[in-house]
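K.L.:
I'll drop the sequence and a predicted model, then ask my questions.
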Amino acid sequence: MVSLSSSSNHSISQEVADEKPIPHDQNVLQKHVEFFDRNHDGIIYPWETFQGFRAIGCGYLISSVAALFINASLSRKTRPGKFPSLLFPIEVKNIQKAKHGSDSSVYDSEGRFVPSKFEEIFKKHARTHPDALTSDELMEMLKANREPKDYGGWLGSFSEWKFLYILCKDSDGLLHRDTIRGVYDGSLFEKLEKEHSQKKNK
Ligand SMILES: [Ca+2]
């Protein structure tokens, strides 16, 4: 029974990977953040980040903190040569300039998806289940990715992954491969939004 369920899990994540291969030349980091550009004008303001977090089911407090933290830390980096703006806009087309260090390098410097780095996450850290991370394994990965004295990167990676873990872990405390895969191209956010709006309408 155990082997049956694990093999069917495997085929599901295999299907997801086969269904939608991420084109190699595409800036998927842009797709990852486009969900938060609620009016699709290429700029993400803090209130759009807030709305995006609300849409995937987060409370007011978390959504406010996330919006302030994310926009305040990324805005400047995506607007090279421009004056800082107190409205903290994020320019989607320059999002790869805001990439922080101490991450798993699944996005390259142009924001493209690097499949081998994605596989590496599981090869190196998914020891209890081949296609999922436990809370401890996630922490180990974060520590392993840390570059010396890159405190901003540490904080960025920690908050992103912890947030994802809390939001998306299953009832056994596992963060699954296809969930993580969906974060990279932003498809997970759309899925969560759909689920959340269905719940609200019930
Ligand atoms: Ca916008």
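P.N.:
Now that the structure is in, tell me what you want to look at. Residues are numbered from 1 along each chain as shown.

K.L.:
per-domain residue ranges of the protein.
P.N.:
26-98, 115-202 (automatic domain parsing).

K.L.:
with mean pLDDT, mean neighbour count and distance to Ser104 as added columns, please give the ones you listed in TSV.
P.N.:
All C-beta spots, glycine's among them, are computed from the backbone N, C-alpha and C. Formatted as TSV, the domains of the chain follow (pLDDT from 0 to 100; neighbours: other Cβ atoms under 10 Å; distance: least, Cβ to Cβ, whole Å):
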stretch	mean pLDDT	mean neighbour count	distance to Ser104
domain 26-98	96	17	13
domain 115-202	96	16	6
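
K.L.:
can you say which of these is nearest to Tyr107?
P.N.:
Ranking the domains of the chain by their distance to Tyr107 (criterion: Cβ to Cβ) puts domain 26-98 first, at 4.8 Å.

K.L.:
do the closest one and the ion meet?
P.N.:
Yes: contact of domain 26-98 with the ion (Cβ under 5 Å from the ion) involves 37, 39, 41, 43.

K.L.:
just the helices in this structure please.
P.N.:
Along the chain, the stretches classed as helices by DSSP state H are 2-19, 28-34, 46-55, 60-74, 115-125, 135-145, 151-168, 177-184, 187-201.

K.L.:
so which of the residues of domain 26-98 next to the ion belong to strands?
P.N.:
Applying DSSP state E to these, the entries found in strands are Ile43.

K.L.:
which pair in the residues of domain 26-98 next to the ion spans the largest distance?
P.N.:
Asn39 and Ile43, at 8.9 Å, using Cβ to Cβ across the residues of domain 26-98 next to the ion.

K.L.:
dump the residue contacts of Thr49.
P.N.:
36, 63, 66-67, 70-71, 90 (Cβ atoms under 8 Å, 6 or more residues apart in numbering).

K.L.:
do that again at 7 Å, thanks
P.N.:
By Cβ atoms under 7 Å, 6 or more residues apart in numbering, the residues touching Thr49 are 36, 66-67, 70-71.

K.L.:
columns distance to Gln51 on top of the residues you listed, output as JSON lines?
P.N.:
JSON lines is the format used below for these (distance: Cβ to Cβ, whole Å):
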{"residue": "Phe36", "distance to Gln51": "8"}
{"residue": "Ala66", "distance to Gln51": "11"}
{"residue": "Ala67", "distance to Gln51": "9"}
{"residue": "Ile70", "distance to Gln51": "13"}
{"residue": "Asn71", "distance to Gln51": "12"}
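
K.L.:
out of those residues, the closest to the ion would be?
P.N.:
Nearest to the ion among the contacts of Thr49, counting by Cβ to the ion, is Phe36 at 8.2 Å.

K.L.:
tally of neighbours for the closest residue to Arg146 other than its chain neighbours?
P.N.:
Take Arg146 and drop its neighbours on the chain: the residue closest to it by Cβ to Cβ, 6 or more residues apart in numbering is Ser102, 4.9 Å away. Residues within reach of Ser102, counting by other Cβ atoms under 10 Å, total 22.

K.L.:
what about Ser102, distance to Gly111?
P.N.:
17 Å (Cβ to Cβ, to the nearest Å).

K.L.:
does Glu193 touch Ile56 like I think?
P.N.:
Yes: between Glu193 and Ile56 there is a contact at 5.5 Å, judged by Cβ atoms under 7 Å.
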